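>>> have a look at this prediction, sequence included:
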Amino acid sequence: MTLSKPTILFIPGAWHLPNVFDVTRAALASRGFASVAIGLPSIGAEPPTKGLADDTVAVHDEIARLSDDGKEVVVVAHSYGGMVGAGAVKGLERIARHKAGKSGGVIMLVYMTAFVAKAGTSLLDMLGGKWLPWMKIDGGYCRAQGLAETCYNDLSQEEQGKWSSGAVHTSRAVFEDCVTHEPWHDLPCMYVFCENDMAIPLALQESMASLLGQSSHFRCSASHSPFLSMPEQIAEACELAAKNGQEIFGGRALQ
């Protein structure tokens, strides 16, 4: 029996809108995968009062909608999106829904050069308790400067300018709110390492990935934005995550 392909759901990081995933979503479509890229309420919000909980609820609701349609879901979280994805998948894991007599659900959480945080930890904690020099705080706003160097260093100057100008503010609150759930205890996870990431250095990626235990890994030589510079490789990573997730939940795990 041929399994239906899971839906890939992308969660952006801070300052970024869902359109950053368009080129990777096109690569996935050519491989036969449906995908969704969700906008986070905290990104560009006026006033900038939305926090991690607001983002988590928005993603949770979208995953629930897909799951209730009977779809298996691979959640791909980028950067700050890892904090969001951690709580958003809670209760929507494929195994949990199966035990409740429901179809669909999350079969894999992919941390794409993303933050993996223990419960009770904030993003600011993970930055050492200090704002990075290129983060500009103005009341409830957090704006990023120098994204060409930190996030898009493997793109052309033209592309760097395009995406830098498209970035918007993020609320300060998302950096100060704490994660409340550790999903790797109940859900298979994958980490996508980006070896030339100037925002989250490889050593930090590897340290965070160690929390995931026996997770699967995927490596590429990209910057912090592999979905822009290496869409085919990220599509390959998503396909691998889908395959691994279906293998795990297609056998004895659901019996």
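Now that the structure is in, tell me what you want to look at.

>>> before we move on, what SS does H181 have?
coil (DSSP: H, G, I helix; E, B strand; the rest coil).

>>> whoops, F218 was the one
strand.

>>> begin at 815 from here
Sure, I'll start numbering at 815, so the last one becomes F1032.

>>> tell me what it is bridged to.
Taking DSSP bridges as the rule, F1032 bridges to V1006.

>>> which residues touch it?
Applying Cβ atoms under 8 Å, 6 or more residues apart in numbering, we find F1032 in contact with 1004-1007, 1050-1051, 1054-1055. The way it works is simple: take the backbone N, C-alpha and C, and place the C-beta from them, glycine included.

>>> redo that, cut-off 7 Å
Residues near F1032 by Cβ atoms under 7 Å, 6 or more residues apart in numbering: 1004, 1006, 1051, 1054.

>>> secondary structure class of the first one, three-state.
So the one you mean is M1004. Using three-state DSSP, the secondary structure recorded for M1004 is strand.

>>> G1027 is in contact with that one, correct?
No: using Cβ atoms under 7 Å, M1004 is not in contact with G1027; the gap is 11.9 Å.

>>> for stretch 1052-1068, buried residues please.
1052-1060, 1062-1063 (16 or more other Cβ atoms under 10 Å).

>>> among these, which one lies nearest to T821?
Closest approach between these and T821, by Cβ to Cβ: A1056, at 9.2 Å.

>>> for M1044, what are phi and psi?
Dihedral pair for M1044: phi -140, psi 60, per degrees, to the nearest 10.

>>> for S985, same thing?
Dihedral angles (degrees, to the nearest 10) for S985: phi -70, psi 140.

>>> run through the bridge partners of it.
Per DSSP bridges, the residues bridged to S985 are Y955.
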